[in-house]
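S.K.: Next one to model:
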Amino acid sequence: MGSSQGWFVDTVTDTIGAIASPVGTGGIAIVRLSGADALRIAGRMIRLKRRGSVPAMKSWSMALADVLDMGSGRVVDECIVLAMRAPRSYTGEDVVEIQCHGGVVVAEKVLSLAFRLGTRPALPGEFTKRAFINGRITLDEAEAVLDIVTSASEESLFQAGRRLKGELGSMVEKWETQIVDLLALLQGSIDFPETIEADKSDIQDLLAGLSHDIGAVLERAPLGLALSQGVEVCLVGRPNVGKSSLFNALLARERAIVTDIPGTTRDVLREPTEWYGLPVALLDTAGLRETEEVVEALGVERAQTAAVESNVILYVLDDTQGIYDEDVQWLSKWQNRNCLAVVTKVDLMKQQVDLKLLRDICQDRWVRASGATGFGIEGLKKKVQSMFASLGDPEALAPGSARQVDCLGRALGEIQRALGYLNQGWTDDVIVLALEEAAGSLMELTGKKVSGETLDRIFSRFCVGK
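M.R.: This is a model prediction of the structure:
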């Protein structure tokens, strides 16, 4: 597993199997096998309708067949079998996909036959992990596979598709090559100072360019993370200020119960939605107030926890009531968060909220809206979306995981450190140390250097069968 340097080294020889389609009734169910014995095992449990056998099938060919129960000799199901020979398969190994009729029992039965013949149950993400190990994809592309499967909006799918095509990896490898070439030049001037002298001006320009390019990608990290992981937006405020009406309006459907009775919402309601390409998990919470009622008190506690853990807080104010002291306290507490004040019930034309006081507390981070009429709802969505929008080109490539952001951040830090050493007149060997760290961080991003623990953490997030 891990080598003495702590970097991942692995080989795989066994054959794995899993159901690769969603569990339940459907048109087809897919059982996938991958490994050195995949064709042989499939050949023992599958009889082709025409002449020949599964092990003799050409790569990327399909055939109509029967799945047989070797013990009883019964036909389990009619299927289509697809053979993909190494290395031209998803995993880089011999792969067989058995497309049987959709249904839980039939798919489980087909998979159990493969297990009886020596196939091992696949671990979560193990097919994609083998694709990485066998050099079919880079680690950032493997992460993009998961991002595509879990995409909650067209924009998140678009960004994940670009990373899967290798756009981010190609950019990172270009930076890595520039650093490696620079290291070779600096190392040459260290080893042969009489004959090789590095041009400091050229080195400075190169490092400044790398710093700018990597920094530009990191500036788009909030958007990339929001698209791949989604954004939690939490509605909080005093009881009966219009949170549930606003919740329903933001979802464009009646989800929360709306009454004039304070304390109706007791637990945290959570619903997925999408705001201008941004995947959002919208949370409605109990009103914030002191209460002796046990169940309501638990709801208030959960509301505070949800607000602390969310990405965006929408603090709701009632325009028919004005701003209370506790409102000021909460808004002041969350000034350093992505907190947006929302003045609701503006359709009632009471205008009791002191806008000057609101501007003093929130600056421009407030909006007016009505859950009853829909006034200001789209503007509110756009305001939240803009918190995560990329700078400049809205279609510019963004990193998709915290791991990628960390690798890029460490690389940028080391490049800036090397640039500082250069400007301060430090010797080449000191600059080399910083650049070696920068190159190593970029290699971690694409998986050229990665620990076994990191791989386990990444692929454990995948479903079984992917």
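S.K.: A372 contacts N248, doesn't it?
M.R.: No - the criterion here is Cβ atoms under 8 Å, and A372 misses it with N248 at 9.8 Å. All C-beta spots, glycine's among them, are computed from the backbone N, C-alpha and C.
S.K.: show me what contacts the residue nearest the centre of the chain?
M.R.: Centroid-nearest residue in the chain: S228, 3.5 Å away (criterion: Cα atoms, centre = their mean). Neighbouring residues of S228 by Cβ atoms under 8 Å, 6 or more residues apart in numbering: D147, T150, S156, Q159, A160, G400, S401.
S.K.: give me the element it is part of.
M.R.: Assignment of secondary structure by DSSP states H and E places S228 within helix 221-229.
S.K.: and stretch 274-281, how far out from the chain's middle?
M.R.: Taking Cα atoms, centre = their mean, to the nearest Å, one finds stretch 274-281 lying 14 Å from the centre of the chain it belongs to.
S.K.: In that stretch, which residues are buried?
M.R.: Across stretch 274-281, burial judged by 16 or more other Cβ atoms under 10 Å covers E274, W275, G277, L278, P279, V280, A281.
S.K.: ends of it, how far apart?
M.R.: Distance between the two ends of stretch 274-281: 8 Å, counting by Cα to Cα, to the nearest Å.
S.K.: just the helices in the stretch 201-350 of the chain please.
M.R.: 221-229, 243-251, 294-309, 325-333 (DSSP state H, counting those that start in this stretch).
S.K.: Tell me the secondary structure at the residue nearest to W275 when sequence neighbours are not counted.
M.R.: Distances taken as Cβ to Cβ, 6 or more residues apart in numbering place K381 nearest to W275, at 4.0 Å, with adjacent residues excluded. When classified by DSSP: H, G, I helix; E, B strand; the rest coil, K381 comes out as helix.
S.K.: check contacts around K381.
M.R.: K381 makes contact with L250, W275, Y276, according to Cβ under 8 Å, 6+ apart.
S.K.: what residue ranges in the chain are flagged as low confidence?
M.R.: 1-12, 191-198, 254-266, 292, 294, 296, 390-394 (pLDDT under 70).
S.K.: what's the domain layout of it?
M.R.: 16-138, 153-220+398-446, 231-386 (automatic domain parsing).
S.K.: Tell me the buried residues in the host helix or strand of G420?
M.R.: Under the criterion of DSSP H and E, G420 resides in helix 402-423. Residues of helix 402-423 classed as buried: 403-405, 407-419, 421-422 (neighbour count, 16+ other Cβ under 10 Å).
S.K.: what comes into contact with the longest strand seen in the chain?
M.R.: The longest strand of the chain (DSSP state E) is strand 75-84. Here strand 75-84 makes contact (Cβ under 8 Å, 6+ apart) with 39, 42, 46, 48, 54, 57-69, 90, 94-101, 106, 109-110, 113.
S.K.: what's the distance between the residue nearest to A389 when sequence neighbours are not counted and V342?
M.R.: Distances taken as Cβ to Cβ, 6+ apart place L223 nearest to A389, at 6.1 Å, with adjacent residues excluded. The gap separating L223 from V342 is 23 Å, by Cβ to Cβ, to the nearest Å.
S.K.: what's the answer for T285, then?
M.R.: 14 Å.
S.K.: try G125
M.R.: 40 Å.
S.K.: Repeat that for E78.
M.R.: Taking Cβ to Cβ, one finds E78 at 58 Å from V342.
S.K.: and these two? which has more neighbours close in?
M.R.: Per other Cβ atoms under 10 Å, whichever of E78 and V342 has more neighbours is V342, with 25 against 12.
S.K.: Do I have it right that the more buried one meets V367?
M.R.: Yes - V342 lies in contact with V367 (Cβ under 8 Å); the separation is 5.7 Å.
S.K.: Common neighbours of the two, please.
M.R.: L380.
S.K.: Phi and psi next, for W366.
M.R.: Main-chain torsions, W366, degrees, to the nearest 10: phi -160, psi 150.
S.K.: how many other residues sit next to it?
M.R.: Residues lying near W366 (other Cβ under 10 Å) number 20.
S.K.: Against D94, how distant is it?
M.R.: Going from W366 to D94 by Cβ to Cβ gives 61 Å.
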